[in-house]
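Asker: have a look at this prediction, sequence included:
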Amino acid sequence: MRYIIESALTQATLLNRTLVLPSFVYARSCEFEIDVCALFMTMVNRGDAIGWDEWRDLPMEKQMGWRVPMSMMLDLPHLRSKYNVILVEEYLRFHGMDPGKEWSNGAWHRTDYLAQNMTILVVKNQEYDPEGMVRVDNRDAIFKAHDPHHPHDRSYEHGAMGKRAMPEIPGQGELHDKLTAVIGNDLVMDWNKARDAVSGFFNNTGDMIEVEEFLLGMDYLKSVVEPIRQVAPAHRIHGWVDDYSGVTEDVLVIEGEIHLNRKPGGMRFTTIKGRDDFARCAVLGLRPTQRVRDLAAKVHDRLRDRMDGRMWMAGHMRRGDFVTTGWVMESTIEAHFKRIKSRLAMGRAMLKRIHRERTLTTYDVPDVVADANQLLYNPPLPTDPFFLATDERSPEGLKFMRESGALFIGDLITAKDRREFGWGIMVTDVLALVEQSVLATSYYFYAHAMSSVAGGAVNLRAVRGADPRTTLID
């Protein structure tokens with residue numbers, strides 16, 4: 001959900017439009033018996049509500065899901081202080097329609113959501129970035145940036161193989177031919193590879209555009225803390241702003257999903273400013289609710305107390321559906337746990353090194369200052385336990401890991417915490433947000449590169465000023 005909203009916010013903001021989010025999401029499970037949870041939440045059959053058959057073969061209780069208000073998953077007041085965002089129920093009410101008509105599957109209804117005389121434009125999924133196209137935020141910005149009469153702006157210091165004027169119609173010349181041969185059938189190529197290929201060969205023909213995007217491990221992570229630079233042929237570039245800023249329809253809808261096999265944001269960025277604006281959205285705009293952050297802060301302090309004031313480390317173990325899909329890191333609990341402990345042993349050595357050297361760095365994201373608290377406390381001991389966020393729920397698996405040094409969220413929150421937080425903490429997905437926020441505050445963090453939960457934790461670590469060396473994703 002996080003990276004879908006990040007992309008949608010970027011798309012809406014670039015077009016100066018208001019983003020309309022579903023009023024609710026569906027949680028997969030509840031921490032207690034379903035008859036207890038049903039007293040507090042609306043229980044639905046996920047297949048019926050969403051229209052998918054993915055869960056039809058599961059036992060009936062496994063087919064159930066829980067409708068959770070969006071306001072429980074995101075800090076909406078904070079998000080609205082920075083971006084134009086409303087919920088579907090608010091949109092419907094504003095236009096004099098019944099909020100109860102909101103579709104259960106979260107999709108935008110093409111007709112029922114339109115008030116009288118309203119118009120709609122649907123961007124077909126295959127039109128967003130069809131094969132052979134590189135979707136960027138603003139293509140025109142590159143050409144303006146390389147106009148010699150354009151006012152100099154630090155944001156545009158990077159560009160098509162250097163800061164030069166670009167031709168009005170790219171796609172011709174010796175440089176184009178050389179780079180086209182190097183890039184071959186790929187959409188884009190690494191900046192350094194392109195630079196090496198044409199080293200000492202620059203002329204006045206600029207027909208390759210540099211684009212910025214984000215990469216850290218696998219695309220499933222969807223983290224925005226490690227920007228990369230690439231080059232793409234200008235004729236393949238299509239700008240979101242260039243193509244859709246002139247749309248006059250009241251509602252603009254992108255059909256289908258546009259996040260699978262794509263980098264964060266659902267597009268690349270032609271300027272450093274554009275890239276940084278998206279990074280701010282991801283690491284500063286989207287954050288969990290105040291209740292989640294407050295409880296995570298309590299757990300952080302309790303963990304350090306458990307370590308007698310030393311630093312503490314954390315890991316994320318994704319099991320659950322990853323086991324059935326074959327994405328799990330190790331097939332058995334024992335092997336998976338051993339892998340995590342070995343990575344945290346490496347982390348302990350890194351914390352000792354940082355503590356000894358007394359120097360800190362930050363992730364390459366805007367507006368971040370190194371967190372000096374990383375130097376205040378002693379590194380963990382080999383015998384110290386560690387925090388483990390996991391969706392593993394088998395009693396025997398939890399018993400094995402607990403006896404081997406793991407501390408779980410249930411070991412660290414009290415009945416008083418649960419009462420103060422409210423019924424939302426019964427929802428596994430909400431509890432996972434608390435775990436994610438705890439992971440973000442750990443002094444060292446290890447996780448699997450195929451999990452967006454880990455990606456969200458990395459983003460939160462970046463915004464608090466964590467040293468990149470204190471995070472390991474593999």
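Answerer: Alright, I've got the coordinates.
Asker: okay, and the helix or strand of the chain with the least pLDDT?
Answerer: strand 208-214 (a mean of 60; mean pLDDT, DSSP states H and E).
Asker: quick one: low-confidence ranges for the stretch 201-350 of the chain?
Answerer: In the predicted model, the stretch 201-350 of the chain carries pLDDT under 70 at residues 201-222, 319-328.
Asker: give the contact list for A8.
Answerer: 19, 21 (CB atoms under 8 Å, 6 or more residues apart in numbering). Any C-beta I mention is one placed from the backbone N, CA and C, and that applies to glycine too.
Asker: kindly export stretch 106-125 (C-alpha atoms) in CSV.
Answerer: Extracted C-alpha coordinates of stretch 106-125, given in CSV (Å, rounded to 0.1, in the frame of the first residue of the first chain):
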residue,chain,number,x,y,z
GLY,A,106,-11.0,0.1,-3.6
ALA,A,107,-11.3,0.8,-7.3
TRP,A,108,-12.6,4.1,-8.7
HIS,A,109,-16.1,3.6,-10.1
ARG,A,110,-16.2,5.0,-13.5
THR,A,111,-19.9,6.2,-13.3
ASP,A,112,-21.2,6.0,-9.8
TYR,A,113,-18.6,8.4,-8.4
LEU,A,114,-19.3,11.2,-10.9
ALA,A,115,-21.6,14.0,-10.0
GLN,A,116,-23.8,15.6,-12.6
ASN,A,117,-21.8,17.1,-15.5
MET,A,118,-18.5,15.8,-14.2
THR,A,119,-16.1,14.3,-16.8
ILE,A,120,-13.5,11.6,-16.5
LEU,A,121,-10.4,10.5,-18.4
VAL,A,122,-9.1,6.9,-17.9
VAL,A,123,-5.4,6.4,-18.7
LYS,A,124,-5.2,2.8,-19.9
ASN,A,125,-2.6,0.7,-18.2
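Asker: buried set for it?
Answerer: Within stretch 106-125, the residues scored as buried using 16 or more other CB atoms under 10 Å are 106, 108, 113-114, 123.
Asker: same check on stretch 374-382?
Answerer: By neighbour count on 16+ other CB under 10 Å, the buried set for stretch 374-382 is 374, 377, 379-380.
Asker: remind me, longest helix of this protein?
Answerer: The residue-count maximum for a helix in the chain (DSSP state H) belongs to helix 333-357.
Asker: what comes up buried for that helix?
Answerer: 333, 336-337, 339-341, 343-344, 347-348, 350-351, 354-355.
Asker: out of these, the closest to G465 would be?
Answerer: Distance to G465 across those (CB to CB) is lowest for I354, with 13.2 Å.
Asker: which ones are touching that closest one?
Answerer: Counting by CB under 8 Å, 6+ apart, I354 touches 360, 374-375, 467, 469-470.
Asker: restricted to strands, list those.
Answerer: Among the contacts of I354, no member is found in strands (DSSP state E).
Asker: now render those as JSON lines, adding pLDDT and distance to P22.
Answerer: Formatted as JSON lines, the contacts of I354 follow (pLDDT from 0 to 100; distance: CB to CB, whole Å):
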{"residue": "L360", "pLDDT": "96", "distance to P22": "40"}
{"residue": "Q374", "pLDDT": "92", "distance to P22": "38"}
{"residue": "L375", "pLDDT": "95", "distance to P22": "43"}
{"residue": "D467", "pLDDT": "97", "distance to P22": "37"}
{"residue": "R469", "pLDDT": "97", "distance to P22": "38"}
{"residue": "T470", "pLDDT": "97", "distance to P22": "35"}
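Asker: which members of these are the farthest-apart pair?
Answerer: For these, and using CB to CB, no pair is farther apart than L375 and R469, which are 12.9 Å apart.
Asker: narrow the buried residues of stretch 106-125 to those in strands?
Answerer: Those of the buried residues of stretch 106-125 lying in strands (DSSP E): V123.
Asker: which one among the buried residues of stretch 106-125 gets closest to R135?
Answerer: Nearest to R135 among these, with distances taken as CB to CB, is V123, at 11.0 Å.
Asker: is that closest one in a bridge, and if so with what?
Answerer: V123 has these beta-bridge partners by DSSP bridges: I254.
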